[in-house]
Structure formats: C-alpha cells, structure tokens
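Novice: model the structure of this input:
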Amino acid sequence: MKQDTGGALPPYFNIDPDTALAQLGAPSSTNSLRQIAQACEAGRTDLAGRGLQEDGRRSLRMFSTWEITRYLIPVATGHFRRVLKAHPDLPQGQSDTPGGAKWFTLDEVLRLRAHFGQEGSKAKEYLPYRPKGQPAKMVAVANFKGGVGKTSTAAHLAMSAALDGYKVLVIDLDSQGSMTSIFGGKVEDEWQTVFPLLARHYAQYLRSDNQRRMDRGEAPQPLDDTLSDALEITADSLIQSTHWPNIDLIGAQLNLYWAEFQIPVWRMQARGWKLWDALSDTLAADGVLDRYDVVFIDTPPALGYLTINGLAAADILLVPVGASFLEFDSTGRFFDMLHATFGSIEEAENMAARALGRTGTHFEWDAVRAVVTRYDGTQQAELAALMQAYLGPVLSPHRQDFTALIGQTGEQVQGIYEADYRDFNRETYVRGRETFDATYAAFKQLLIGSWRRDELAAAQVSA
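Specialist: Numbering: from 1, shown residues only. Below is the predicted model of the structure:
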C-alpha cells in the first residue's frame with residue numbers, strides 16, 4: 001500500500017536540472033566575496049549604530065534608585081534617599097518628572113558606593129574585595145567550539161565586575177573583534193591590538209640574545225622595522241576607554257590574525273624565546289596588573305598562538321559549554337588538546353632546564369571551570385546532570401539559562417546589564433538578569449578565593 005505523504009515529497013526528489021540551473025545564478029569570484037563582505041559590513045554598521053549616540057559613540061544608560069538599592073549598593077531604599085538628602089554634595093540623580101524616580105550614571109553610582117564604603121555600616125561590604133599588594137587577576141574565557149557563548153560570557157562577566165565596583169580591562173584576542181564591537185572599540189590595524197606587545201617581547205629577547213652573541217664574538221641578528229617600532233609601544237598606548245567608566249579595552253581586528261603566522265617565524269629564529277609569556281610579561285612590565293582589578297581575555301575559537309598566550313597569562317580559566325553531546329564531546333577534546341600543548345611545552349623546557357641546572361617551567365591556574373551556557377532546563381536537564389556527574393566540581397553547578405531577555409538584548413546589540421528594564425516585562429528582566437548575576441557570583445567566589453590564597457601565602461612568606 002502506498003504511503004500517503006500529504007502531497008509533500010522530501011526536497012531531494014523531483015528536482016528539475018533546468019530549474020536548478022536557473023536558480024543557481026552566476027558563478028562567484030573573489031570579487032563576489034568582497035561584495036558579500038561589504039554587505040555584511042553595511043549591515044553590521046547599521047545594527048551597531050542602533051546603540052550609538054548622535055556623535056557615533058556608545059553610551060551607557062542610567063540606573064534607577066530601585067536598581068541601585070536592589071543590585072548595586074546594599075542599603076534600603078529609604079535609607080539611601082535619607083543619605084542623599086543629608087549630603088547635598090553627593091550625586092542627587094536626575095528625574096524625568098517632578099517627584100519621579102531618580103536616575104544616576106554609573107560614575108555617580110561608583111561615587112555613592114565609595115561614600116557608603118567610607119561612612120556606612122562596617123558590617124556591610126560596600127566595596128569589592130581585593131587584598132592590598134596583590135596584582136589583578138587575569139581571566140581567560142576559551143573554547144574552540146563556536147557558538148557556546150564565549151564572548152557573551154566574557155563580556156557579561158566584565159560588566160558584572162564593573163557594576164560590582166572593580167576596575168576592569170578587557171583584552172580581545174579574537175581577530176573577529178566581537179568583544180571589541182560590544183564595547184564600541186575602534187581599531188584601525190594590528191598596531192592597535194596586542195600584536196605590538198607580543199612583537200616587543202620578542203624584540204627584547206632578541207636584543208638580549210644579540211648581546212650574548214656579541215659577547216661570544218658572533219654576529220647579531222638584525223631587528224627589522226616591525227620589531228624596532230614595537231620596542232617603542234607600551235600597553236598604555238593600546239588601551240582605550242569604553243562607554244563604561246570603569247571598563248577599558250585593548251581591541252582586535254582582522255589583521256591581528258597575522259600574529260598566528262608571525263609568531264612561529266620568530267620562534268623558529270629564536271628557540272629560546274618563551275612566546276607563551278609574551279602577553280603576561282608585557283602587561284606586568286607596563287604596570288597594567290597594578291592599575292586594574294580584573295583583566296578578562298577573550299580568546300579565538302582555536303588553540304593557536306594567541307590563545308596560548310591568553311591561557312598562559314590567565315589565573316582563572318573559564319570554558320563555556322552547551323549542554324549537548326557534541327559540545328560536551330568537543331570540550332573534552334579541547335581539554336585534551338590543552339593538556340597536550342602545555343604538557344609538551346613543560347616537557348621540552350624542563351629537559352633543557354635540567355641540563356643547564358635551571359628552574360623548570362610549570363603552568364598553573366588558580367581555578368579551571370566549565371560553565372554551562374544557553375541552558376534550557378526543559379530539554380537539557382538530563383544531559384547537564386550527566387555532565388555534572390562526570391566533571392564534578394570542574395563544572396560550575398550554576399547553569400546560565402537562555403531567557404527571553406538574552407534573546408532581546410542580543411537583537412539590540414547590547415549586554416543584558418546595558419538594557420533598560422523599562423523596555424521589558426519586569427519579570428522577564430529580573431529572571432534574565434538573575435541567571436547572569438548567578439554566573440558572576442560563582443565567578444566572584446573563584447576570584448576572591450584565589451586572592452585570599454595569595455594573600456595568606458604572602459603573609460606566610462613575610463612571617
């Protein structure tokens with residue numbers, strides 16, 4: 001008996017060759033690729049422009065008294081208002097209507113937080129924890145599986161930390177520049193990315209090695225124009241401010257990918273150059289780790305030389321992963337590749353170190369955690385529980401839900417914390433924000449714990 005298909009056949013049946021040819025269109029050339037790229041650029045500019053001011057700059061919205069007392073400063077709303085009335089020198093906020101709700105810029109919120117930290121109850125933590133004398137913590141967000149929310153997670157953690165009162169630096173190592181776009185960065189070429197810092201690190205090694213060569217009576221290796229120019233560049237010249245008053249950025253753009261080809265050439269020319277230390281060494285030398293509290297590093301979706309630099313520099317490694325078989329499988333392969341890569345570096349370096357009687361290389365992270373992102377509890381609960389059983393404490397027990405707020409803010413080219421709650425259903429806003437607040441709370445526990453461990457270790461050494 002013939003099965004009734006409802007008149008609809010699968011799409012691979014009954015395709016007429018001439019009809020297919022008519023719909024195929026002309027062959028595509030390299031010029032076609034340029035036209036497609038230009039169309040994407042025009043669309044990207046249009047979409048990004050929806051979050052810009054008239055002068056072309058991104059702007060950060062204001063925060064209401066309700067938000068400040070609920071999320072940012074641990075005081076009752078009534079007490080907050082009484083403090084403002086008693087201190088007219090403090091920011092008083094703006095209101096759209098007489099007697100209406102007061103709204104404050106984030107700069108003003110930070111000033112108010114500082115006041116409560118100085119004058120408020122000693123039993124409350126108004127200011128974020130960072131022990132004196134300890135450098136900034138660097139956090140790399142990485143996975144070579146695309147679409148897991150890597151950049152989104154890094155951006156929202158940076159925004160959360162900024163709302164928490166921390167001074168944040170975001171470093172974009174991905175030549176696609178998505179993180180740069182989120183924070184409204186402008187990057188003309190690779191010389192405004194981390195590339196010159198990596199080149200400077202190599203040039204400094206080459207200069208030292210040349211001195212050793214000349215001491216042995218050997219000819220030095222010449223520094224080309226790229227390396228000579230890089231020696232004059234510091235991190236300060238690359239850091240740009242963003243529309244967030246306490247988030248700065250070292251951005252990325254397409255030409256940064258050139259580093260993936262240039263770094264191995266340098267390494268071949270100078271086997272003694274520790275390329276994996278290039279980013280961390282230059283940031284430390286330029287005082288970046290003293291001026292900022294937290295540095296977030298967004299890595300490319302591949303384990304290349306830029307990613308190795310980001311991971312080697314990191315104190316905390318976060319790996320976003322979706323609750324699906326393919327993403328879990330891919331993430332396992334990612335960790336396997338990390339082990340092989342850093343293990344091989346240690347083995348090679350330590351073999352040479354033992355021969356010379358020197359201290360070996362040892363990579364260590366304060367914490368490594370996987371984070372479930374874009375989670376749908378109605379469909380993924382069983383697989384997420386299985387992942388938790390296998391990974392244990394490595395997988396954060398908090399799962400970052402995908403809510404309506406996340407989808408809507410993505411369409412508007414802004415982070416969740418940049419969204420005005422008045423544009424959403426209040427319940428949608430609160431629920432959408434809660435999932436990211438919980439993600440940040442889990443991260444902050446790692447941050448504070450690692451700082452505390454360093455603080456106690458330093459005190460023990462001093463004693």
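Novice: helices along the stretch 351-463 of the chain, start to end?
Specialist: 377-391, 404-411, 426-462 (DSSP state H, counting those that start in this stretch).
Novice: could you name the helices and strands sitting against the last one?
Specialist: Under the contact definition 3 or more Cβ pairs under 8 Å, 6 or more residues apart in numbering; DSSP states H and E, helix 426-462 sits against strand 137-141, helix 150-163, strand 316-321, strand 367-375, strand 395-401, helix 404-411. Yep, even glycine has a C-beta here, placed from its N, CA and C like the rest.
Novice: of all the ones you listed, which one comes closest to S280?
Specialist: Closest approach to S280 among the helices and strands packed on helix 426-462 (Cβ to Cβ): strand 137-141, 7.3 Å.
Novice: so which residues make contact with that closest one?
Specialist: 150-151, 153-154, 157, 280, 283, 289, 293-299, 310-311, 313-320, 366, 443, 447, 450-451 (Cβ atoms under 8 Å, 6 or more residues apart in numbering).
Novice: can you give me the strands in the stretch 51-200 of the chain?
Specialist: 63-64, 103-104, 137-141, 168-172 (DSSP state E, counting those that start in this stretch).
Novice: same check, this time on the stretch 201-350 of the chain
Specialist: 240-241, 247-250, 294-298, 316-321.
Novice: quick check: which of these is nearest to T65?
Specialist: strand 247-250 (23.1 Å).
Novice: what pairs with the closest one, parallel or antiparallel?
Specialist: Sheet pairing for strand 247-250, assigned by DSSP bridges, gives strand 168-172 (parallel), strand 240-241 (antiparallel).
Novice: compute the mean per-residue pLDDT across the last one, please.
Specialist: Model confidence over strand 240-241 averages 96 on the pLDDT scale.
Novice: now find how far off-centre it is within its chain.
Specialist: Distance of strand 240-241 from the chain centroid (Cα atoms, centre = their mean, to the nearest Å) equals 15 Å.
Novice: save the strands paired with strand 247-250 as TSV, and put in mean neighbour count too.
Specialist: Formatted as TSV, those follow (neighbours: other Cβ atoms under 10 Å):
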stretch	mean neighbour count
strand 168-172	28
strand 240-241	14
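Novice: what about stretch 210-221, start to end distance?
Specialist: 6 Å (Cα to Cα, to the nearest Å).
Novice: typo on my end, it should be stretch 306-326
Specialist: Taking Cα to Cα, the first and last residues of stretch 306-326 lie 25 Å apart.
Novice: pull out the buried positions in that stretch.
Specialist: Burial within stretch 306-326, assessed by neighbour count using 16 or more other Cβ atoms under 10 Å, is assigned to 306-324.
Novice: what stretches of the stretch 1-150 of the chain score poorly on pLDDT?
Specialist: Filtered on pLDDT under 70, the stretch 1-150 of the chain yields the residue ranges 1-13, 15, 20-21, 24-25, 28, 30, 33, 43-56, 146.
Novice: redo that, cut-off 50
Specialist: Low-confidence segments of the stretch 1-150 of the chain (pLDDT under 50): 1-5.
Novice: check the stretch 351-463 of the chain too.
Specialist: 404-405, 407-413.
Novice: coming back round to it: between the helices of the stretch 351-463 of the chain, which one is closest to I263.
Specialist: Minimum separation from I263 across the helices of the stretch 351-463 of the chain (Cβ to Cβ) falls at helix 426-462, 28.6 Å.
Novice: tilt between that closest one and strand 395-401?
Specialist: Per axes from the mean of the first three to the mean of the last three Cα atoms, to 10 degrees, the angle that helix 426-462 makes with strand 395-401 is 150 degrees.
Novice: still on that earlier bit, can you put the helices and strands packed on helix 426-462 in JSON lines and add distance to S241?
Specialist: JSON lines is the format used below for the helices and strands packed on helix 426-462 (distance: least, Cβ to Cβ, whole Å):
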{"stretch": "strand 137-141", "distance to S241": "20"}
{"stretch": "helix 150-163", "distance to S241": "12"}
{"stretch": "strand 316-321", "distance to S241": "25"}
{"stretch": "strand 367-375", "distance to S241": "28"}
{"stretch": "strand 395-401", "distance to S241": "28"}
{"stretch": "helix 404-411", "distance to S241": "22"}
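Novice: comparing these, which comes out most buried?
Specialist: Most buried of these by mean neighbour count (mean count of other Cβ atoms under 10 Å) is strand 137-141; its value is a mean of 26.
Novice: so how far is that one from its chain's centroid?
Specialist: That offset, for strand 137-141, works out to 8 Å (Cα atoms, centre = their mean).
Novice: ok, it: who's next to it in the sheet?
Specialist: Using DSSP bridges, the strands paired with strand 137-141 in its sheet are strand 294-298 (parallel), strand 316-321 (parallel).
Novice: from D329, how far off is V372?
Specialist: For V372, the distance to D329 (Cβ to Cβ, to the nearest Å) stands at 15 Å.
Novice: rewinding a little: same list (the helices of the stretch 351-463 of the chain) but as a markdown table, adding distance to P245.
Specialist: As requested, these are exported to a markdown table (distance: least, Cβ to Cβ, whole Å):
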| stretch | distance to P245 |
| --- | --- |
| helix 377-391 | 36 |
| helix 404-411 | 20 |
| helix 426-462 | 18 |
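Novice: list the beta-bridge partners for Q94.
Specialist: Beta-bridge partners of Q94, as defined by DSSP bridges: W103.
Novice: isn't it up against K102?
Specialist: Yes. Here Q94 reaches K102: they are 6.8 Å apart, a contact under Cβ atoms under 8 Å.
Novice: these two: which is more packed in?
Specialist: Of the pair Q94 and K102, K102 is the one with more neighbours under other Cβ atoms under 10 Å, namely 20 against 13.
Novice: which non-adjacent residue is nearest that one?
Specialist: G93 (3.2 Å; Cβ to Cβ, 6 or more residues apart in numbering).
Novice: cool, and A252?
Specialist: D172 (3.8 Å).
Novice: my read: that neighbour touches G251, true?
Specialist: Yes. The pair D172 / G251 is scored as a contact, 5.3 Å apart, by Cβ under 8 Å.
Novice: which residues do the two both contact?
Specialist: By the contact definition Cβ under 8 Å, 6+ apart, D172 and G251 are jointly contacted by M179, T180, G185, T193.
Novice: out of these, who's nearest R399?
Specialist: Minimum distance to R399 across those is 22.9 Å, recorded for M179 (Cβ to Cβ).
Novice: how far off centre is stretch 115-130?
Specialist: 28 Å.
Novice: alpha carbons of it, as CSV, please.
Specialist: In CSV, the C-alpha atoms belonging to stretch 115-130 read as follows (Å, rounded to 0.1, in the frame of the first residue of the first chain):
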residue,chain,number,x,y,z
HIS,A,115,30.7,57.2,50.2
PHE,A,116,28.9,54.3,51.8
GLY,A,117,32.2,52.4,52.0
GLN,A,118,33.6,55.3,54.0
GLU,A,119,30.7,56.3,56.1
GLY,A,120,28.3,53.3,56.0
SER,A,121,27.8,50.3,58.3
LYS,A,122,31.0,48.4,58.9
ALA,A,123,29.1,45.2,58.9
LYS,A,124,28.3,45.6,55.1
GLU,A,125,30.6,45.2,52.2
TYR,A,126,30.1,48.2,50.0
LEU,A,127,33.4,48.0,48.2
PRO,A,128,34.6,44.9,46.3
TYR,A,129,37.3,42.8,47.9
ARG,A,130,40.9,43.0,46.7
